[in-house]
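Undergrad: next come a sequence and a model predicted from it.
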Amino acid sequence: MAAVESLVVIGAGHAAGQLVACLAQDGFAGAITLVGDEPHPPYQRPPLSKKFLAGEMDADRLYLKPAAFYDKYGAKLLLGRRVTRIDRQARTAVLEDGSQLEYSALVIATGSRPRRLALPGAELDGVFYLRGIDDVMTIRGRFAAGKSLVVVGGGYIGLELAAVAVRQGLRVSVLEQAPRLMARGVGAIVSRFYERLHREEGVVLHTGAAVLGFEGRNAVEHVVCGNDRVVADIVVIGAGAVPNVELAQEAGLTVENGIVVNERCLTGDPAIYAIGDCTNQFHPLFDRRLRFESVHNALEQARMVAAAICGRALPAIQVPWFWSDQYDVKLQMAGLPDKHTESVVRGNPDHGRCFSVFYLADGALIAVEAVNRAADFMMSKVLIAERAHVDRAKLADERVAVKDSRLV
Ligand SMILES: Cc1cc2nc3c(=O)[nH]c(=O)nc-3n(C[C@H](O)[C@H](O)[C@H](O)COP(=O)(O)OP(=O)(O)OC[C@H]3O[C@@H](n4cnc5c(N)ncnc54)[C@H](O)[C@@H]3O)c2cc1C
């Protein structure tokens, strides 16, 4: 591939910020322009539902790099600006004011957005979604001890928010449509543990709860749930995310639950890459295409594109991983459990706050969910990458290190 002279990145989020950092490290000499529709330089979102929401972290610490970093590497940030069209023939990204940015390579890093619920009353004041810094500032401004917060959706973002709020003295209810919490992300044992954890901390949980709408005169007062009305001063909806793929779709690129990219994160157009939450990529470890919404994926794909652009060898594919912090509990997950044929538990999920669940397929370790067990998580990641066969009894035995369960 000819040297890239002008690189345009659509989106200035986690993946985009990491891409600039990787390109700088690799000595990329071309011009870089990042266009982001938020007013902020690239920042990390995980603290938004954790320490930043709790007021335990300053906004400055959210930013991936200080402004001076982008200046130093000649990366231009166009913030508060939106790309509305990609012209593949002319190789330009068109902004909403009609101005055009020429590119020799384009990276789509548009992320994902909260899934909006088209329910009656969803537009009432006091009903929020949580995706960016500005959302947190608004939500946090409404927090006050004694107020009633209803979280719609028992996924990790909703539950992290519930944990922060209940610790700040709010009355918190979580309404989850599925029969169990975090059903899309974790297995039933871990879901059950989180139900116990949140109840112990004072959160009111309803699973199998169908939210029908929101009521209130000037602002939200109730959430309508089946035949019940749950009192609410604040509602936060955490009902999953949808990838921002419209630009790619309108430009004629292949989109199937995310922008389809190859192992270099290249789309069907040799001048257009895509990275982060908006992508769908084949994962050799799982032998299928997947779309991840995780920091690890954003970082890995940024590395892949930097390597591809700079003509370096691609980084080795890693086991995907994710984490969630709720109260004093760190959940760390690696691999994908959906194809497991059996599971092994280490520790007691029904007592205390420390255990791991291992998922095996035909004797090989394929995934782990570790609750306050960083060492289990770290060692499992290595075994999962190796597709190592493991001794089930040793895996279950807390006295044996996870790495020593490997069968040789
Ligand atoms: C509250 C919260 C908590 C999270 N916690 C965790 C966690 O604990 N662990 C974990 O691994 N992951 C977590 N995630 C997920 C993680 O933050 C994302 O996977 C990551 O941000 C993806 O990076 P990205 O660059 O693909 O997308 P983003 O960081 O979302 O960046 C995309 C940017 O592109 C902008 N954009 C979109 N369209 C356009 C356009 N047309 N023109 C210009 N700009 C555009 C968007 O507004 C956004 O600023 C969390 C996410 C949220 C919201």
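TA: That came through fine. Numbers count the residues shown, from 1 in each chain.

Undergrad: my read: residue 91 touches residue 101, true?
TA: No - counting by Cβ atoms under 8 Å, residue 91 does not reach residue 101; the two are 9.6 Å apart. For every residue, glycine as well, the C-beta is placed using N, CA and C.

Undergrad: which strands and helices lie in contact with the one helix or strand in the chain whose mean pLDDT sits lowest?
TA: Every helix and strand of the chain was ranked by mean pLDDT, DSSP states H and E. The lowest is helix 67-72, at a mean of 92. Counting contacts by 3 or more Cβ pairs under 8 Å, 6 or more residues apart in numbering; DSSP states H and E, helix 67-72 packs against helix 14-25, strand 75-79.

Undergrad: pull out the buried residues from the last one.
TA: For strand 75-79, the neighbour count (16 or more other Cβ atoms under 10 Å) marks 75, 77-78 as buried.

Undergrad: next helix or strand past that strand?
TA: Using DSSP states H and E, the next helix or strand after strand 75-79 towards the C-terminus is strand 83-87.

Undergrad: who's in contact with stretch 130-137?
TA: 38-40, 43, 45, 48-49, 52-53, 59, 62, 113-114, 128-129, 139, 157, 161, 236, 238, 241 (Cβ atoms under 8 Å, 6 or more residues apart in numbering).

Undergrad: again, only this time at 6 Å
TA: 38, 40, 48, 52-53, 114, 236 (Cβ atoms under 6 Å, 6 or more residues apart in numbering).

Undergrad: any idea how far the ligand is from the residue lying closest to residue 406 once chain neighbours are set aside?
TA: What sits nearest to residue 406 in space, not counting adjacent residues and going by Cβ to Cβ, 6 or more residues apart in numbering, is residue 388, at 4.8 Å. Noted for residue 388: a distance of 24 Å to the ligand, by Cβ to the nearest ligand atom, to the nearest Å.

Undergrad: repeat for residue 229
TA: To the ligand, residue 229 is 28 Å away according to Cβ to the nearest ligand atom.

Undergrad: so in that sheet, which strands flank the helix or strand harbouring that residue, and in what orientation?
TA: If you go by DSSP H and E, residue 229 is part of strand 228-231. Strand 228-231 has the following sheet partners, assigned by DSSP bridges: strand 222-225 (antiparallel).

Undergrad: now do the strand it pairs with: distance to the chain's middle.
TA: 28 Å (Cα atoms, centre = their mean, to the nearest Å).

Undergrad: how about stretch 62-71?
TA: Distance, stretch centre to chain centre, for stretch 62-71: 21 Å (Cα atoms, centre = their mean).

Undergrad: list the buried ones in it?
TA: By 16+ other Cβ under 10 Å, the buried positions in stretch 62-71 come out as 62-65, 69-70.

Undergrad: can you give me the end-to-end span of that stretch?
TA: This stretch, stretch 62-71, spans 19 Å end to end (Cα to Cα, to the nearest Å).

Undergrad: how about residues contacting it?
TA: Residues outside stretch 62-71 that contact it (Cβ under 6 Å, 6+ apart) are 17, 41-44, 77.

Undergrad: neighbouring contacts of the strand or helix carrying residue 309?
TA: In the assignment (DSSP H and E), residue 309 maps to helix 295-310. Contact partners of helix 295-310, identified using Cβ under 6 Å, 6+ apart, comprise 4, 14-15, 18-19, 22-23, 26, 28, 264-265, 273, 275-276, 314-315, 320-321.

Undergrad: I'd like to know which of these are buried.
TA: For the contacts of helix 295-310, buried by 16+ other Cβ under 10 Å: 4, 14-15, 18-19, 22-23, 28, 265, 273, 275-276, 320-321.

Undergrad: near the ligand, list only the ones from those residues.
TA: By Cβ under 6 Å from any ligand atom, the members of the buried ones among the contacts of helix 295-310 lying near the ligand are 14-15, 276.

Undergrad: what ranges does this protein have for its helices?
TA: Along the chain, the segments classed as helices by DSSP state H run 14-25, 67-72, 133-142, 156-167, 188-200, 246-250, 295-310, 374-386, 392-396.

Undergrad: measure the closest residue to residue 191 other than its chain neighbours to the ligand for me?
TA: Counting by Cβ to Cβ, 6+ apart, residue 191 lies nearest to residue 180, which is 3.9 Å off, once chain neighbours are set aside. Counting by Cβ to the nearest ligand atom, the separation of residue 180 from the ligand is 20 Å.

Undergrad: and for residue 121?
TA: With Cβ to the nearest ligand atom as the criterion, residue 121 and the ligand are 23 Å apart.

Undergrad: check contacts around that residue.
TA: Contacts of residue 121 (Cβ under 6 Å, 6+ apart): 213-215.

Undergrad: again, 8 Å this time
TA: 127, 213-216, 220, 224.

Undergrad: which of those fall in strands?
TA: Those of those mapping onto strands are 127, 213-215, 224, per DSSP state E.

Undergrad: and this protein, what are its domains?
TA: 6-113+242-310, 127-237, 328-405 (automatic domain parsing).

Undergrad: redo those as JSON lines? Include distance to residue 121.
TA: Below are the domains of the chain laid out as JSON lines (distance: least, Cβ to Cβ, whole Å):
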{"stretch": "domain 6-113+242-310", "distance to residue 121": "21"}
{"stretch": "domain 127-237", "distance to residue 121": "3"}
{"stretch": "domain 328-405", "distance to residue 121": "33"}
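
Undergrad: nearest to residue 120, out of the ones you listed?
TA: Comparing these by their distance to residue 120 (Cβ to Cβ), the top pick is domain 127-237, with 3.7 Å.
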